[in-house]
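Student: compute the structure for the input listed below.
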Amino acid sequence: MKTIGYLGPKGTFSYEACEEYSKNQREMIEYKTIPDAILALEKMEIDEAIVPIENSLQGCVTDAIDTLIENESIKVKDEWLLEIKQNLMAKTKINFDEIKEIYSHPQALAQCKNFIEHDLPKAKIVPVESTALAAKKVSEENRKIACISNIACLEEYNLCLLQKNIQDNNFNKTKFWILSKTANEVITKNKMSMLFSVKDKPGALYNVLEIFNKYNLNLTKIESRPAKTVLGEYIFLIDVSIKNAKEKQAIEEIKQRKIFVRVLGKY
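Tutor: Numbering: from 1, shown residues only. Here you go, the predicted model:
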């Protein structure tokens, strides 16, 4: 049976996405951080990894993107969408004004910013590695603290639900990437994710984007991350619709212009 890594512990949204994707066909192995799961794949300790890459409210997950940039052998095999609903929980039933601290993952805290400011203005915010780790922490303490977590944590850690669906926006979804060391074997592919970098000079970015326009390729996303070389240079992550099958010509033309380009995957 294949193995797949995810951000643990049990009860995280990554765990939920991994369960849905795996359908009991893969052995699920948990890791403490997103980079840990990706690096385990790089070392071939697992066959696949599932990592959050973008949230509809908070944007890209930077530690996932940065780790992928640094590990060139990893491919994007597929994507998986998961609806995200955040919930306020504690070990026992307590009033909002009794809560001294709130534990959760930074993304979950950001997704519930308005609720926290309005209903829990005096509570101290404590970021942790995952929503499930936050739930575990609350379950082990006898203090008046709470967590913002996936509903699956309610039973997993024997907690008390204080408030359901506290996210600021109900259109809250996270896109996960299924990562592998081998390319996608599926014949029908609609999307390509890739990286490229340009020098810090006038028109450099336009010169690359113009190539995609030339071949009538639709860019559905573009993100930038620091190249970690000199200030002002970036690596760009883009998603491209490849329904017209002209992406190979575009990539070849980019390479001919001596521009760094790396295809993460077609799926």
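Student: any low-confidence regions in this protein?
Tutor: Along the chain, segments meeting pLDDT under 70 span 185-188, 230, 232.
Student: give me that answer again for 50
Tutor: Along the chain, no part satisfies pLDDT under 50.
Student: how close does the most centrally placed residue in the chain get to P226?
Tutor: Centroid check for the chain by CA atoms, centre = their mean gives P52 as the closest residue, at 2.0 Å. Distance of P52 to P226, given as CB to CB, to the nearest Å: 20 Å. C-betas here are computed from N, CA, C, even on glycine.
Student: now I38
Tutor: Distance check for I38 against P226: by CB to CB, it reads 18 Å.
Student: who has more neighbours out of the two?
Tutor: I38 (24 against 14; other CB atoms under 10 Å).
Student: that one: which element?
Tutor: Assigned by DSSP states H and E, I38 belongs to helix 34-42.
Student: give me the sheet partners of whatever helix or strand comes next after that helix and which way each runs.
Tutor: Toward the C-terminal end, the helix or strand that comes next after helix 34-42 (DSSP H and E) is strand 48-55. If you go by DSSP bridges, strand 48-55 pairs up with strand 2-7 (parallel), strand 59-60 (antiparallel), strand 173-180 (antiparallel).
Student: quick one: buried residues of stretch 165-174?
Tutor: 166-167, 172, 174 (16 or more other CB atoms under 10 Å).
Student: so what's E83 bridging to?
Tutor: Note on E83: beta-bridge partners by DSSP bridges are K173.
Student: residues contacting the residue nearest to the centre of the chain?
Tutor: P52 makes contact with 7, 13-14, 17, 34, 61, 64, 107, 174-176, according to CB atoms under 8 Å, 6 or more residues apart in numbering.
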